[in-house]
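In: Here is the input, now give the coordinates:
(3 chains)
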Amino acid sequence: MRYWLMKSEPDEASIDDLADAPHRTLPWTGVRNYQARNFMRDSMQVGDGVLFYHSSCPEPGIAGLAKVSSTAYPDPTQFDPKSPYFDPKSTQETPRWLLVDVVFAKKTPLIPLAALREHDELAGMRVLAKGNRLSITPVTAHEWNFITKRLM
DNA sequence: GCCAACGTTGGC
DNA sequence: GCCAACGTTGGC
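Out: Residues are numbered from 1 along each chain as shown, chains lettered A, B, ... in the order given. This next block holds a predicted model:
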């Protein structure tokens, strides 16, 4: 059982979109970074906790909780020439890009990025590091407990 | 819109 | 294998 922070642009998929999706589940499509892919492929397990983070929006921050609900499997958008996530170098036999399914757990009052920065307990979070661009980052049990029990 | 930081590409 | 150039991310 591990914990993760996963970024999503709310214009693409917000916590409300996740809550409204069939089975309250969305495939986490569009990851095109090897490090983030490797987290999904090598470390994610069904039931892992997810901090659902809204990025590139007026109020960036944690907007809710979710769970990993599948192991990694090929992201179908890499094979679709009409998709913005199309990757001409990927083949069905050796897909480059994977995704996991994520299921809604709950919506929470938004915890803005600036609020996360106020706590020494969270200073090690990768999402707070200067220049961080990774869309999937590991979260420690301590950070998870602090956020879910103290900030929600 | 700006720009710092980062990842990827491709020439050599 | 190096590294400059380029494209993208994402907060502000």
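In: Give me the number of neighbouring residues for A:Thr137.
Out: Look at A:Thr137: counted by other CB atoms under 10 Å, it has 21 neighbours. Using the backbone N, CA and C atoms, a C-beta is placed for each residue, glycine as well.
In: Please report the number of neighbouring residues for the closest residue to it other than its chain neighbours.
Out: The spatial neighbour of A:Thr137 that comes closest, neighbours along the chain excluded (CB to CB, 6 or more residues apart in numbering), is A:Arg126 at 3.9 Å. Applying other CB under 10 Å, we find 13 other residues in the vicinity of A:Arg126.
In: my read: A:Arg126 touches A:Leu134, true?
Out: Yes - taking CB atoms under 8 Å as the definition, A:Arg126 is a contact partner of A:Leu134 at 6.5 Å.
In: about what we covered before: which residues does the residue nearest to A:Thr137 contact?
Out: Residues in contact with A:Arg126 (CB atoms under 8 Å, 6 or more residues apart in numbering) are A:Leu5, A:Asn132, A:Leu134, A:Thr137, A:Pro138.
In: what helix or strand does A:Met6 sit in?
Out: Assignment of secondary structure by DSSP states H and E places A:Met6 within strand A:3-8.
In: okay, that strand in CSV with CA atoms only?
Out: What follows is strand A:3-8, C-alpha atoms only, in CSV (Å, rounded to 0.1, in the frame of the first residue of the first chain):
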residue,chain,number,x,y,z
TYR,A,3,0.5,6.8,-1.7
TRP,A,4,0.8,9.1,-4.7
LEU,A,5,0.1,12.6,-5.8
MET,A,6,-1.3,12.8,-9.3
LYS,A,7,-1.6,16.0,-11.2
SER,A,8,-4.5,16.7,-13.6
